[in-house]
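Chemist: Sequence and predicted structure below; questions after.
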Amino acid sequence: MTHGDEHALPSLSSYLRVLRRRKWVIVVCMLVVPITAYFYSARQPAQYQSSAQVYLSSQDLAGALTGISSAYVDQARLADTAASLAHVPAVARDAIASARVKGVTEAGLLGSTSIVPQTGTDILTFTVTNQQPALAAEGQIIAAPTVIKLMPLPLRRLVGDFSDQSRVVLGLDIKTA
């Protein structure tokens, strides 16, 4: 080899010679890796998934009740807050009760549920993953607009349409002047 040949690029024939010399290593890898992946995946339990998309209404209940509307609402923050509030034990308990699902605990539902706000939209995606297809479908949380009045007692919970202001005020037991 001369001084000028040191920087020459290898030719295609030199690459093919290396492949021919190492062909058994390549063939074994091409067989062992897919077979191992198949047997590993075959041993995994089946997972079933159900999902639902929920539209987040930007209805300002406080503004509707008081007549004072807020100047600015950060939609991304609203979606993140709604996703966080939907992933609490009280909501899981209500979802299990309303779906009449047996054998599912709050922690089990919350552990198998993912609630993700879709970027740039007013939509939350609820996804439930379970090893039993019926529970994955039944565990799907149906979300509706909800207001919970914690104080003063008694606790009041309104679910549904808030368009009738007088019914909302009466349902939340709000004293008006």
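Modeler: Received the coordinates, thanks.

Chemist: right, and the secondary structure at T121 would be what?
Modeler: For T121, the assignment made with DSSP: H, G, I helix; E, B strand; the rest coil gives coil.

Chemist: Over to the one 3 residues further on?
Modeler: Using three-state DSSP, the three-state assignment for L124 comes out as strand.

Chemist: Just to check, it is in contact with Q118?
Modeler: Yes: L124 is within contact range of Q118, at 7.4 Å (criterion: CB atoms under 8 Å). Every residue, glycine included, has its C-beta placed from N, CA and C.

Chemist: Going C-terminal from the longest helix along the chain, what's the next secondary structure element?
Modeler: Ranked by residue count and defined by DSSP state H, the top helix of the chain is helix 23-42. Next along the chain after helix 23-42, taking DSSP states H and E as the criterion, comes strand 48-55.

Chemist: and that next one, which strands flank it?
Modeler: Its sheet considered, strand 48-55 pairs with strand 123-130 (antiparallel) by DSSP bridges.

Chemist: Buried ones in the partner strand, by neighbour count?
Modeler: L124, F126, T127, V128, T129, N130 (16 or more other CB atoms under 10 Å).

Chemist: Show me the domain layout of this protein.
Modeler: By the record's domain assignment, the chain is partitioned as 10-42, 48-143 (automatic domain parsing).

Chemist: Just name the most buried of those domains.
Modeler: domain 48-143 (a mean of 14; mean count of other CB atoms under 10 Å).

Chemist: how about low-confidence regions in the chain?
Modeler: 1-6, 57-73, 132-163, 172, 174-177 (pLDDT under 70).

Chemist: Please enumerate the strands of it.
Modeler: All strands of the chain, identified by DSSP state E, fall at 48-55, 113-117, 123-130, 146-149, 156-159.

Chemist: how about those strands, which one is nearest A83?
Modeler: Checking the strands of the chain against A83 by CB to CB gives strand 113-117 as the closest, at 4.6 Å.

Chemist: Is the residue nearest to A83 when sequence neighbours are not counted bridged to anything, and to what?
Modeler: Of all residues not flanking A83 in the chain, I115 sits nearest, at 4.6 Å (CB to CB, 6 or more residues apart in numbering). Following DSSP bridges, I115 is listed with bridge partners F126.
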